[in-house]
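Enquirer: 3D, please:
(one chain, ligands or ions: 2)
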Amino acid sequence: MRRAYSVETVRAAEAALMQRLPEGALMQRAAAGLAVACGDLLRRRGRVYGSRVLLLVGSGDNGGDALYAGSRLARRGAGVRALLLAPDRVHEGGLAALLAAGGQVADGPDGLGALDLVVDGITGIGGRGGLREDAAELVRTVTRSRAPVIAVDLPSGVEADTGQVQGEAVRADATVTFGTYKPGLLIDPAAEHAGALRLVDIGLGPELPEPPDLEALQYADVAALLPLPGAESDKYRRGVVGVVAGSERYPGAAVLAVAGALRGGAGAVRYVGPGADAVIARFPEALVHAGPPSEAGRVQAWVVGPGLGDGGDARSAVADVLAADVPVLVDADGLRLLDAGTVRTRTAATVLTPHAGEAAALLGAAREEVEAGRLAAVRELAARYRATVLLKGSTTLVAEARDTPVRVNPTGTSWLATAGSGDVLSGLTGSLLAAGLPPRDAASVGAYLHGLAARHGSHGAPVSAQDVADGIPAAWRDVRQG
Ligand SMILES: NC(=O)C1=CN([C@@H]2O[C@H](COP(=O)(O)OP(=O)(O)OC[C@H]3O[C@@H](n4cnc5c(N)ncnc54)[C@H](O)[C@@H]3O)[C@@H](O)[C@H]2O)[C@H](O)CC1
Ligand SMILES: [K+]
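Expert: Ligands and ions are numbered 1, 2, ... in the order given. Coordinates of the predicted model:
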């Protein structure tokens, strides 16, 4: 499990740890780990000795880390130059160490020549807002040099606590972060700026509280949550998921939601809606029903909404399902037919799976507001609807109304931005609910498998929603084989 903490929590842990350590010890631990990561990258590109390294040095401790790491690379024979953003306000101990190791201070951003590595020590957890113009100009210059970039602690210019990026920010090939992950390293757009993540243990662990502010499931966590049938299982004990989806206008949504549901671990799928012929044609194993969902037979969870439209039938179908005493996942058109009051008073779990536009409608906010503050939006939605919310996007977030960490899905891919992939996700997640997973786990495991299935089908090429559904078994096997 990747766990992330806010800047405030990191600072408190850092302060507590520093009480027990000699002055500057933490920075030395950070710089040592950073130098190792830089050395690994330089060796992959040739060798450390004689390599040309440029440090971008801000006036805080982030710059200090870069300078001490630079001094270690200089001792290993690298040609290290430091570009100081504020020569009058620089980490003196770090600069002295670099110069003592044979490093130099660069005159300016021009005439830097070819570079083998750029180390971004402009800002870390002390950064506020988009990069100031002087720093932004420097970042533009360095980006043009196309040299590989390693970011210190965070790519400078990203918001550590939210993942937001206002204005210019460093785009790194890798980020070496200290003590713990920060939420901004796991959530887009900042996560995209960070590149490959490397966590350096500086001994902060014991000072970090439970629970973390944010967490990201890893293979082993998902493998432990997958519902596996036992010897005594039958299709009913494995759980039956009901799917209310599709309409004259969107018949395919029914087929895609059922496709996802059949691969989510439930023992049977009950389909209710006008798309029965199309569903049966594709999935003869589906149980199909005409008439209201409440007369369709017992289910352990319902999925309602994909391609449902907003007619009278749709409205009554949603109301019918929400009246049931089992977990209900509401997606797509179903979300437009929801009122917070009904959801808040349900005793059984409710899972809402909006994309940013649907989340904005549920919150009465603008879509841009949701996209600019996804973490805040998903938390607000979960609290306001007293539900588990899966906010879809390049990094999908899962929050619940209880005080548990928000989960961020690490397997997302922009290839999932294709029509119908959400229908597959809702069926898959509904199936995990019917198989008995608690709502937060069903939503985060569903998103995890969905992302992995798309990556399986894609390998860098476009995938269709059907490909994603067909890729779920391979993703499931991947997780189990770990
Ligand atoms: N986590 C740990 O236990 C340790 C972290 N270390 C490193 O220290 C930084 C945090 O250092 P701090 O001095 O508090 O702040 P920063 O260096 O991140 O940034 C402050 C610096 O940046 C300037 N600044 C702020 N906002 C902007 C902006 N928008 N544009 C340009 N410049 C900006 C501000 O003026 C300050 O000068 C942490 O990230 C780690 O790298 C320790 O080394 C080890 C322990
Ligand atoms: K940085």
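Enquirer: Okay, and the closest residue to Arg263 other than its chain neighbours sits in which element?
Expert: Leaving out its chain neighbours, the residue that sits closest to Arg263 by C-beta to C-beta, 6 or more residues apart in numbering is Ile472, at 3.9 Å. Where C-beta positions appear, they are placed from N, C-alpha and C, glycine not excepted. Using DSSP states H and E, the element containing Ile472 is helix 465-481.
Enquirer: Now do that helix: which elements does it pack against?
Expert: helix 219-225, helix 251-261, helix 421-434, helix 439-458 (3 or more C-beta pairs under 8 Å, 6 or more residues apart in numbering; DSSP states H and E).
Enquirer: would you put the C-alpha positions of the first one in PDB?
Expert: So that's helix 219-225. Output of helix 219-225 as PDB, limited to C-alpha atoms (Å, rounded to 0.1, in the frame of the first residue of the first chain):
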ATOM      1  CA  TYR A 219      -0.800  -5.600  -6.300                       C
ATOM      2  CA  ALA A 220      -0.600  -7.400  -3.000                       C
ATOM      3  CA  ASP A 221      -3.400  -5.400  -1.400                       C
ATOM      4  CA  VAL A 222      -5.700  -6.100  -4.400                       C
ATOM      5  CA  ALA A 223      -4.800  -9.800  -4.400                       C
ATOM      6  CA  ALA A 224      -5.800 -10.000  -0.700                       C
ATOM      7  CA  LEU A 225      -9.200  -8.400  -1.500                       C
END
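Enquirer: what comes up buried for stretch 435-444?
Expert: 435-437, 439-444 (16 or more other C-beta atoms under 10 Å).
Enquirer: outside of that stretch, which residues touch it?
Expert: Residues from elsewhere that reach stretch 435-444, judged by C-beta atoms under 8 Å, 6 or more residues apart in numbering: 217, 225, 227, 238-239, 264-266, 300, 327, 349-351, 353, 388, 390, 398, 400, 404, 407, 409, 429, 432-433, 445.
Enquirer: Pull up the distance across that stretch, start to finish.
Expert: Distance between the boundary residues of stretch 435-444 (C-alpha to C-alpha, to the nearest Å) amounts to 14 Å.
Enquirer: Tell me where the stretch 151-300 of the chain has strands.
Expert: Under the criterion DSSP state E, counting those that start in this stretch, the stretch 151-300 of the chain contains strands at 174-178, 196-200, 214-216, 240-244, 268-272, 287-289.
Enquirer: which of those is buried the deepest?
Expert: For the strands of the stretch 151-300 of the chain, the largest average neighbour count (mean count of other C-beta atoms under 10 Å) is found in strand 240-244, namely a mean of 31.
Enquirer: Can you tell me which of the buried residues of stretch 435-444 lies closest to ligand 1?
Expert: Of all the buried residues of stretch 435-444, Ser444 has the smallest distance to ligand 1: 26.9 Å, by C-beta to the nearest ligand atom.
Enquirer: Could you report the distance from the closest one to ligand 2?
Expert: 29 Å (C-beta to the ion, to the nearest Å).
Enquirer: Over to Gly77. Which of the three states is it?
Expert: coil (DSSP: H, G, I helix; E, B strand; the rest coil).
Enquirer: doesn't Leu42 make contact with it?
Expert: No: contact criterion C-beta atoms under 8 Å: Gly77 and Leu42 do not qualify, at 10.3 Å.
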